[in-house]
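1. Structure here, sequence nowhere to be found:
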């Protein structure tokens, strides 16, 4: 008798709704106290745009190399020698489809600013609301080129001690007149969302 069992269709890529929104928490790995941002991002956003969003929300200046890590794959500016695929070819909803999904994001392959990305929710967009947006966060972004998480901790220590032998040199390097002009605890939600306006769009009209 002929085998009449039908083969199951091959599973394709997960469908990503055009009106779905990811809520993600992005935390600077190893930072103490933690430096983080909670963001709402359209699920169809490609990883290049997610990169730009993270840069804007944290306050990075964007002149170093970067890559996302999703499982064994890396996405950024395509580079075969480094095993990095194009970030424009993948959407957030493709690589982190469900609540609890995790991604890595590394900025500056010298200082190695590693960011942990956790999907906290996937919801329908709110009518009339512009995305992406920052919901909340904690603490200021470290200065570029200060040596990674450990270098930043040392910088804060030096700035807090006017008698430290490197105090004046570090102030000059930062372009500051006094240590009071840099507050590592500062976080301005309104300023961040103002910066994000150039990236925003309304998914569902009011």
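-> Sure thing, it's come through. Remember, predicted model here, so these are calculated numbers, not experimental data. Numbering: from 1, shown residues only.
2. ok, for residue 33, nearest residue in space, not its chain neighbours?
-> Leaving aside its chain neighbours, residue 33 sits nearest to residue 139 (6.4 Å; criterion: C-beta to C-beta, 6 or more residues apart in numbering). Quick note: C-beta positions are derived from backbone N, CA and C, even for glycine.
3. Would you agree the one you found is in contact with residue 34?
-> Yes - with contact defined as C-beta atoms under 8 Å, residue 139 and residue 34 form a contacting pair (7.4 Å).
4. does the most centrally placed residue in the chain sit in a helix, a strand or a coil?
-> Nearest to the mean C-alpha position of the chain, by C-alpha atoms, centre = their mean, lies residue 54 at 3.4 Å. When classified by DSSP: H, G, I helix; E, B strand; the rest coil, residue 54 comes out as helix.
5. count of residues packed around the spatially closest residue to residue 164 that is not a sequence neighbour?
-> Setting aside the residues directly before and after it, residue 164 is nearest to residue 158 in space (C-beta to C-beta, 6+ apart), at 4.9 Å. Residues within reach of residue 158, counting by other C-beta atoms under 10 Å, total 18.
6. what helix or strand does residue 158 sit in?
-> helix 148-159 (DSSP states H and E).
7. returning to that earlier point: mind checking how far the residue nearest to residue 164 is from residue 174?
-> Distance from residue 158 to residue 174, counting by C-beta to C-beta, to the nearest Å: 10 Å.
8. Kindly report the same for residue 96.
-> 35 Å.
9. ok, those two, which is more surrounded?
-> For residue 96 and residue 174, the more surrounded residue by other C-beta under 10 Å is residue 96, and the numbers stand at 24 against 15.
10. Give the rounded mean pLDDT of the lengthiest strand in the chain.
-> When the chain is parsed with DSSP state E, its longest strand is strand 113-124. Mean pLDDT, computed over strand 113-124, is 98.
11. which one of residue 139 and residue 34 has more residues nearby?
-> Per other C-beta under 10 Å, whichever of residue 139 and residue 34 has more neighbours is residue 139, with 18 against 14.
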